[in-house]
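Asker: Below is the sequence, then the predicted model.
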Amino acid sequence: MIGYDQPTFQSMRRIDQARRTTRYQFRITGISADEDVVRLSGTDDGVALSFDE
């Protein structure tokens, strides 16, 4: 569902719909910057759904 080139295969509307359905999200927990670099830290708070019975 989520991938670097996914917009090549799906519309951004469809990608957002899939993200909302699975409640997939990243949470930014920190940010720092200097003259050359911006650094973000975060967590993957997505929910892994299983469709197995």
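Answerer: Noted; the coordinates are in hand.
Asker: Show me what the longest helix along the chain is packed against.
Answerer: Determined from DSSP state H, the single longest helix within the chain is helix 12-22. Other helices and strands packing on helix 12-22, by 3 or more CB pairs under 8 Å, 6 or more residues apart in numbering; DSSP states H and E, are absent; none qualifies. Yep, even glycine has a C-beta here, placed from its N, CA and C like the rest.
Asker: Sheet partners, orientation included, of the next helix or strand after it?
Answerer: Counting by DSSP states H and E, the next helix or strand C-terminal to helix 12-22 is strand 26-33. When sheet partners are counted by DSSP bridges, strand 26-33 sits next to strand 38-44 (antiparallel).
Asker: Only C-alpha atoms, please: export the strand it pairs with in PDB.
Answerer: Only the C-alpha atoms of strand 38-44 are listed here, as PDB (Å, rounded to 0.1, in the frame of the first residue of the first chain):
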ATOM      1  CA  VAL A  38      16.800  19.000   8.700                       C
ATOM      2  CA  ARG A  39      16.300  15.900  10.800                       C
ATOM      3  CA  LEU A  40      13.000  14.400  11.700                       C
ATOM      4  CA  SER A  41      12.400  11.600  14.200                       C
ATOM      5  CA  GLY A  42       9.200   9.700  14.500                       C
ATOM      6  CA  THR A  43       7.300   6.600  15.100                       C
ATOM      7  CA  ASP A  44       5.200   4.400  12.900                       C
END
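Asker: Provide the contact partners of it at residue level.
Answerer: Contact partners of strand 38-44, identified using CB atoms under 8 Å, 6 or more residues apart in numbering, comprise 26, 27, 28, 29, 30, 31, 32, 33.
Asker: Could you identify which of the residues you listed has the most neighbours?
Answerer: Neighbour count (other CB atoms under 10 Å) singles out residue 26 as the most crowded of the contacts of strand 38-44, with 12 neighbours.
Asker: And that residue, how close does it get to residue 19?
Answerer: 10 Å (CB to CB, to the nearest Å).
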